[in-house]
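**Q** Here is my input; please provide its structure:
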Amino acid sequence: MSVTVLLSICVILLLLIIIWLVYRSRKMMQHYILLMETLICLMEAGDPNLDGHSMHVYNIVSVFYDYLPEEYQRKISRENLKLSALLHDIGKLGIPRSVITKRGKLTAAERDLIKKHPEISVEILKPLDFMAKVEDIIRCHHERVDGSGYLNLKGDSIPIESRIIAIADTYSALTMDRTYKPTLPYEDAIIELKQVAGTQLDEDLVRYFCEIPMHRLDDCLVSVLKITERYQKGILNNEGQA
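**A** Numbers count the residues shown, from 1 in each chain. The predicted structure is shown next:
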């Protein structure tokens with residue numbers, strides 16, 4: 001692991017500790033959210049295949065929760081779900097940027113590297129005891145209900161929060177700009193989700209997701225684009241002053 005990656009991870013751990021201290025006060029929840037936003041946006045800013053993705057997934061699961069039946073909501077901690085969504089890709093810090101930003105098809109070795117990012121996420125968070133409640137959710141967010149995911153977990157053996165994040169993650173990947181694929185509009189993305197329901201994604205959860213009005217999902221992206229634009233301008237300004 002390079003010195004740059006190690007320094008990035010150290011900075012993130014420091015920020016997470018600060019976030020935890022703020023979170024414990026309970027009176028400063030807004031500051032907690034802003035610190036989390038800053039942490040993730042700084043991690044992803046300027047990366048064409050990550051920029052704003054985690055915030056987008058975070059926004060989507062926040063809306064998705066509202067459209068779940070009460071029986072599902074009772075099984076889930078909304079706070080843990082949102083925290084897991086925000087941090088689900090933090091392990092990509094441990095993957096070479098040349099792999100993350102590659103425009104062509106990945107080699108078998110590169111695919112194996114990418115598959116390690118959920119476990120790297122858990123390793124980054126492990127020193128922080130208060131993150132233990134979200135470790136399994138993050139570790140399993142690339143599992144497929146047919147058992148062909150990274151860890152070969154199947155169906156209900158995958159945490160429900162992980163199955164929710166998997167849907168939000170897939171929708172985000174389909175509808176955000178990427179160097180390796182065209183962006184899909186809402187209607188086509190929904191078709192794609194339905195096509196993999198029951199194999200890649202939880203069929204019941206996909207059905208509930210498809211009940212979310214288009215404008216609610218569009219709003220999830222609009223707010224992210226505003227945030228990423230702000231951070232992107234900051235990066236460009238700093239580069240111009242260098």
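**Q** drop to CA atoms for contacts and neighbour counts, all remaining ones
**A** OK.
**Q** So which residues of the protein form helices?
**A** Taking DSSP state H as the criterion, the chain contains helices spanning 3-25, 29-44, 53-66, 70-73, 78-87, 97-100, 108-115, 117-125, 132-139, 160-175, 186-195, 203-209, 214-241.
**Q** can I get the CA coordinates of the fourth one in PDB?
**A** It stands for helix 70-73. Included here for helix 70-73 are C-alpha records, laid out as PDB according to Å, rounded to 0.1, in the frame of the first residue of the first chain:
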ATOM      1  CA  GLU A  70     -43.400  -0.900   8.200                       C
ATOM      2  CA  GLU A  71     -42.500  -4.600   8.700                       C
ATOM      3  CA  TYR A  72     -39.100  -3.900   7.000                       C
ATOM      4  CA  GLN A  73     -38.600  -0.600   8.700                       C
END
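**Q** chain center to that helix: distance?
**A** Taking Cα atoms, centre = their mean, to the nearest Å, one finds the center of helix 70-73 at 22 Å from the center of the full chain.
**Q** That helix packs against which elements?
**A** When contacts are defined as 3 or more Cα pairs under 8 Å, 6 or more residues apart in numbering; DSSP states H and E, helix 70-73 sits against none of the other helices and strands.
**Q** Compare the helices of the chain and say which comes out lowest on pLDDT.
**A** Here the lowest mean pLDDT among those goes to helix 3-25, at a mean of 59.
**Q** Could you find the closest non-adjacent residue to the residue nearest to the spatial centre of the chain?
**A** The centre of the chain sits closest to residue 54, judged by Cα atoms, centre = their mean, with a distance of 3.8 Å. Sequence neighbours aside, residue 86 is the residue nearest to residue 54 in space, at 5.2 Å (criterion: Cα to Cα, 6 or more residues apart in numbering).
**Q** give the contact list for the one you found.
**A** Counting by Cα atoms under 8 Å, 6 or more residues apart in numbering, residue 86 touches 36, 40, 54, 55, 57, 58.
**Q** related to what we said a few turns ago, hmm, the residue nearest to the centre of the chain is touching residue 91, no?
**A** No. Counting by Cα atoms under 8 Å, no contact exists between residue 54 and residue 91, whose distance comes to 11.8 Å.
**Q** quick one on the thing from earlier: and the furthest pair within the contacts of residue 86?
**A** When Cα to Cα is used, the two most widely separated members of the contacts of residue 86 are 36 and 57, lying 13.7 Å apart.
**Q** who has more neighbours, those two?
**A** Between residue 36 and residue 57, counting by other Cα atoms under 10 Å, residue 57 is the more crowded of the two (29 against 20).
**Q** ok, back up a step: what would the contacts of residue 86 look like in JSON lines with distance to residue 213?
**A** Converted to JSON lines, these look like this (distance: Cα to Cα, whole Å):
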{"residue": "36", "distance to residue 213": "27"}
{"residue": "40", "distance to residue 213": "27"}
{"residue": "54", "distance to residue 213": "21"}
{"residue": "55", "distance to residue 213": "19"}
{"residue": "57", "distance to residue 213": "16"}
{"residue": "58", "distance to residue 213": "17"}
